[in-house]
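In: Quick one: sequence and predicted model below, then my questions.
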Amino acid sequence: MSCFQGLFFCPEAAALLLHNFCVYHISPPGHELGAAAVCADDPVPSADDLADQILEVLNYFRLGAVMCMGVMAGAYILTLFAMKYRERVLGLILVSPLCKAPSWTEWLCNKVMSNLLYYYGMCGMLKECLLYRYFSKEVRGNADVCESDIVQACRRLLDERQSTNVLRFLQAIDRRPDITDGLKTLKCRTLIFVGDNSPFHSEALHMTSKLDRRYCALVEVQACGSMVTEEQPHAMLIPMEYFLMGYGLYRPSQYNGSPRSPLSPSCIAPELLSPESMGLKLKPIKTRLSSKR
């Protein structure tokens, strides 16, 4: 399953993180707030279809090369998009990404959730399955500790989704192919975040091992689930600052336009992504930076 999330950062103006950026949020068909149920006769899209729809969005808004950020299945789709349309992606910021075909345990869980959606809609048991994938037990709460505001907000958002639309997206992601081999040809710089309590932690490590070591960095966030963006967003700030610094986006006065290609920014210096530089003593994060070949 996934967090239904993908973002485009279009660096038409130079500044740090989101200030003065053009930001576009894209959701799978039928996952916009207030969306109606998708017609049952429409075919279920494939992962390739979802990646191609991103190209349609970029072309519609007349965007060139963009910085992409995605969570879980959204990260998978954006990675696939970057593999298919390399000239349209400056870099990738991936949170608890997927890259392999579903494991047996994930496949079985997806089948259970599909049946729940089909027969009962967005029921309580289904939401518990999704929340388990999204968040760590610390914020999900228990009999003695109330669940966090983030989890409660997520429950409300899930209630607003059309069950049939969620089912279609789940089916699409459940049929995703393994893109491991294609990762070797992906040359854009990639920053990966993953919570060490995420069910997809091992998959993020696998993905990092297959990417070009010169352009990839991994940040593992302790005591966190898959949704680092919601659970511990502060742990993402400094790594993203240094990641964007490589594109000349940290100091506006030094910005001379978009990089000509995904490879033009200099590689992240190891000392910039050291635990000390990212405030290990202040924030529960640890980093892994692969050595250069």
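Out: Happy to help now that I have it. Numbers count the residues shown, from 1 in each chain.

In: Could you tell me how many residues sit around residue 104?
Out: The burial count assigned to residue 104 is 7, neighbours taken as other Cβ atoms under 10 Å. In short, each C-beta sits where N, CA and C put it, glycine included.

In: Against residue 111, how distant is it?
Out: In this view, residue 104 and residue 111 are 11 Å apart by Cβ to Cβ, to the nearest Å.

In: Over to residue 128?
Out: 16 Å.

In: ok, the residue lying closest to residue 211 once chain neighbours are set aside - contacts?
Out: If you skip the residues right next to it in sequence, residue 211 has residue 183 as its closest partner in space, 5.3 Å away by Cβ to Cβ, 6 or more residues apart in numbering. Contacts for residue 183 (Cβ atoms under 8 Å, 6 or more residues apart in numbering) come out as 79, 83, 99, 207, 210, 211.

In: list the helices and strands the helix or strand hosting residue 244 packs on?
Out: The secondary structure element spanning residue 244 is helix 234-245 (assigned by DSSP states H and E). Applying 3 or more Cβ pairs under 8 Å, 6 or more residues apart in numbering; DSSP states H and E, one finds that helix 234-245 makes contact with strand 89-95, strand 189-195, strand 216-221, helix 228-231, strand 285-289.

In: Of those, which is nearest residue 64?
Out: For these, distance to residue 64 was read as Cβ to Cβ. The smallest value, 9.2 Å, belongs to strand 89-95.

In: quick one: buried residues of the longest helix along the chain?
Out: For the chain, the longest helix by residue count, based on DSSP state H, is helix 104-120. By neighbour count with 16 or more other Cβ atoms under 10 Å, helix 104-120 contains the buried residues 106, 109, 110, 113, 114, 116, 117.

In: what's the answer for stretch 89-108, then?
Out: Along stretch 89-108, these residues count as buried under the neighbour rule (16+ other Cβ under 10 Å): 89-100, 102, 106.

In: With just CA atoms, put that stretch into CSV.
Out: Coordinates of the C-alpha atoms in stretch 89-108 are reproduced here as CSV (Å, rounded to 0.1, in the frame of the first residue of the first chain):
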residue,chain,number,x,y,z
VAL,A,89,14.0,14.6,-13.1
LEU,A,90,16.7,16.7,-11.4
GLY,A,91,16.7,14.6,-8.2
LEU,A,92,14.7,12.3,-6.0
ILE,A,93,13.8,12.6,-2.4
LEU,A,94,12.3,9.2,-1.4
VAL,A,95,10.7,8.3,1.9
SER,A,96,10.5,4.6,2.8
PRO,A,97,10.6,3.7,-0.9
LEU,A,98,9.6,0.5,-2.5
CYS,A,99,11.5,-1.0,-5.4
LYS,A,100,10.9,-4.8,-5.4
ALA,A,101,7.8,-6.8,-6.2
PRO,A,102,5.6,-7.5,-3.2
SER,A,103,6.9,-10.1,-0.8
TRP,A,104,4.7,-13.0,0.2
THR,A,105,3.8,-11.3,3.4
GLU,A,106,3.0,-8.0,1.7
TRP,A,107,1.0,-9.8,-1.0
LEU,A,108,-1.0,-11.7,1.6
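
In: Would you format the contacts of residue 183 as TSV with pLDDT, distance to residue 56 and secondary structure included?
Out: Shown next, in TSV, are the contacts of residue 183 (pLDDT from 0 to 100; distance: Cβ to Cβ, whole Å; DSSP: H, G, I helix; E, B strand; the rest coil):
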residue	pLDDT	distance to residue 56	secondary structure
79	95	18	helix
83	96	17	helix
99	96	23	coil
207	96	26	helix
210	94	28	helix
211	93	27	coil
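
In: and which of these is nearest residue 190?
Out: Taking Cβ to Cβ as the measure, residue 190 sits nearest to residue 211 out of the contacts of residue 183, at 5.8 Å.

In: quick one: contacts for the residue lying closest to residue 81 once chain neighbours are set aside?
Out: Counting by Cβ to Cβ, 6+ apart, residue 81 lies nearest to residue 51, which is 4.3 Å off, once chain neighbours are set aside. Contacts for residue 51 were tallied using Cβ under 8 Å, 6+ apart; they are 77, 80, 81, 84.

In: which element is residue 51 on?
Out: Per DSSP H and E, residue 51 falls inside helix 47-60.

In: chain center to that helix: distance?
Out: If you compare the mean C-alpha spot of helix 47-60 with that of the full chain, they lie 16 Å apart, counting by Cα atoms, centre = their mean, to the nearest Å.

In: Good, wrapping up.
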